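Participant: I'll drop the sequence and a predicted model, then ask my questions.
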Number of protein chains: 2
Amino acid sequence: MPHPPPARRPDLDVDPAIVGRRVRALREERGISLSALARLAGVGKATLSGLEHGTRNPTLETLWAVTAQLGVPLTAVLAEPSDEPTVHGTAVSATLLEVFTDTDATYELYRMRVAPGPGQLSPAHQAGVTEHVTVFAGVLRAGPADAPLTASAGGHLRWVSDVPHTYAAVGDEEVAASLLLRYPRG
Amino acid sequence: MPHPPPARRPDLDVDPAIVGRRVRALREERGISLSALARLAGVGKATLSGLEHGTRNPTLETLWAVTAQLGVPLTAVLAEPSDEPTVHGTAVSATLLEVFTDTDATYELYRMRVAPGPGQLSPAHQAGVTEHVTVFAGVLRAGPADAPLTASAGGHLRWVSDVPHTYAAVGDEEVAASLLLRYPRG
DNA sequence: CCCAGCCGTTCCGTTTACGGAACGGAAGCG
DNA sequence: CGCTTCCGTTCCGTAAACGGAACGGCTGGG
């Protein structure tokens, strides 16, 4: 699976249209109406409507009021949610959060999402590589292709990944998880 | 240790005065004048002057133009200068990498370091909170204070943290690990 | 059916962030 | 000293982001 170059610019995107789409997505995720969010955030409905449509150029004050009410940091609507450090597969997308180099091994920590559907097969890694998964949401079936394991939210999986292995979401819900890859030195 | 209520936020600072101070600091670091930066960024000197003084409420467009010319991401002037989301204890320091909100629970993913020495005791969390630790390097002894568990590099620990719990590095090596806190909804 | 209540959008007057120009002050130079 | 040049601030007309109000559309209840 993933092997991206560790260093990458966390560049921000400030196209008002894109910021607007993110705000709208976050709002709809929470199932609250534009009118309600505007009221809670103390901004006009016109302001929020224009912001979500990207037809305004919001001030920091406005953007802050809205994102604070959504319970997310400003960066949630400003930052590229995914760019280079994200690896996309047919069902799996993984974002590199951190690389840790030790004397014995190198660790890569990913944030992983698995879309519902047929799942994905990954080829074998080098000998000794292990994978550790902690599931946040959904039910994940993953591990060696001939003997996958299953974990639901809060569960943890671990396997030696020097054989072909699979990732699949069980049921209709997208799986969110953290994935730790351990590459032994050598 | 991390103790935050589920609604914890790696809060950004949007006080215009503070943003202004950071912009000015970054500009002076580079040894360029206000007039020059305004010209390069394509904004008025009045705009930049007001921005640095915190007497204006800049639009995203303005702030973007200025920070882009300074060669820093927007977060450099919005976010607390980095170690804000880091929680320090006597032996443990943990940096919040990500928050994941699910319908059933809130997850917080930390990068954790445990210094060699006597270790650290953390008070109980709310009922139902669980902790999941994957060790990168060193040997960690952690878990309920009356029955701690041990894991070395590559190992994984999990416990219910509604009782007082400890973290300690075994041996002289600093422990590096990822820590996942799960706060059930409610 | 009609009406009440909410939705999201659009209209509009007010407020304010914008850039250009003018300002006083601090060097650098003949 | 005068003159030039750059500095950062202030003044000011314009453009636009703001909130309130009105609008049409949809849904549910009497």
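Facilitator: Now that the structure is in, tell me what you want to look at.
Participant: going forward, measure contacts and count neighbours with C-alpha atoms only.
Facilitator: Will do.
Participant: helices along chain A, start to end?
Facilitator: Assigned by DSSP state H, the helices in chain A fall at A:16-29, A:34-41, A:45-53, A:60-70, A:75-78.
Participant: the third one and DNA strand D, are they touching?
Facilitator: Yes. In this structure, helix A:45-53 sits against DNA strand D according to C-alpha under 7 Å from any atom of the strand; the contacting residues are A:Lys45, A:Ala46, A:Thr47, A:Leu48, A:Gly50, A:Leu51.
Participant: which outside residues touch that helix?
Facilitator: With contact meaning C-alpha atoms under 8 Å, 6 or more residues apart in numbering or on different chains, helix A:45-53 is reached by A:16-17, A:19-21, A:23-24, A:34-35, A:38-39, A:56-58.
Participant: from those, pick the one nearest DNA strand C.
Facilitator: A:Leu34 (3.3 Å; C-alpha to the nearest atom of the strand).
Participant: pull the number of nearby residues for that closest one.
Facilitator: 18 (other C-alpha atoms under 10 Å in any protein chain shown).
Participant: redo the contacts of helix A:45-53 as JSON lines? Include distance to DNA strand D and pLDDT.
Facilitator: Output for those, formatted as JSON lines (distance: C-alpha to the nearest atom of the strand, whole Å; pLDDT from 0 to 100):
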{"residue": "A:Pro16", "distance to DNA strand D": "10", "pLDDT": "84"}
{"residue": "A:Ala17", "distance to DNA strand D": "12", "pLDDT": "85"}
{"residue": "A:Val19", "distance to DNA strand D": "13", "pLDDT": "89"}
{"residue": "A:Gly20", "distance to DNA strand D": "11", "pLDDT": "90"}
{"residue": "A:Arg21", "distance to DNA strand D": "15", "pLDDT": "89"}
{"residue": "A:Val23", "distance to DNA strand D": "13", "pLDDT": "90"}
{"residue": "A:Arg24", "distance to DNA strand D": "15", "pLDDT": "89"}
{"residue": "A:Leu34", "distance to DNA strand D": "11", "pLDDT": "93"}
{"residue": "A:Ser35", "distance to DNA strand D": "9", "pLDDT": "92"}
{"residue": "A:Ala38", "distance to DNA strand D": "8", "pLDDT": "93"}
{"residue": "A:Arg39", "distance to DNA strand D": "8", "pLDDT": "93"}
{"residue": "A:Arg56", "distance to DNA strand D": "4", "pLDDT": "92"}
{"residue": "A:Asn57", "distance to DNA strand D": "4", "pLDDT": "92"}
{"residue": "A:Pro58", "distance to DNA strand D": "4", "pLDDT": "94"}
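Participant: show me which of the residues of helix A:45-53 next to DNA strand D are buried.
Facilitator: A:Thr47, A:Leu48, A:Gly50, A:Leu51 (16 or more other C-alpha atoms under 10 Å in any protein chain shown).
Participant: tell me where chain A is predicted with low confidence.
Facilitator: A:1-14, A:79-89, A:97-105, A:154, A:185-186 (pLDDT under 70).
Participant: now do the strands in it.
Facilitator: A:86-88, A:92-101, A:105-114, A:120-122, A:130-137, A:139-144, A:149-152, A:156-160, A:165-170, A:175-184 (DSSP state E).
Participant: now those strands in JSON lines, with mean neighbour count and distance to A:Glu29?
Facilitator: Listed next are those as JSON lines, based on neighbours: other C-alpha atoms under 10 Å in any protein chain shown; distance: least, C-alpha to C-alpha, whole Å:
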{"stretch": "strand A:86-88", "mean neighbour count": "17", "distance to A:Glu29": "22"}
{"stretch": "strand A:92-101", "mean neighbour count": "18", "distance to A:Glu29": "20"}
{"stretch": "strand A:105-114", "mean neighbour count": "22", "distance to A:Glu29": "17"}
{"stretch": "strand A:120-122", "mean neighbour count": "18", "distance to A:Glu29": "27"}
{"stretch": "strand A:130-137", "mean neighbour count": "23", "distance to A:Glu29": "15"}
{"stretch": "strand A:139-144", "mean neighbour count": "24", "distance to A:Glu29": "20"}
{"stretch": "strand A:149-152", "mean neighbour count": "18", "distance to A:Glu29": "22"}
{"stretch": "strand A:156-160", "mean neighbour count": "20", "distance to A:Glu29": "27"}
{"stretch": "strand A:165-170", "mean neighbour count": "23", "distance to A:Glu29": "21"}
{"stretch": "strand A:175-184", "mean neighbour count": "23", "distance to A:Glu29": "16"}
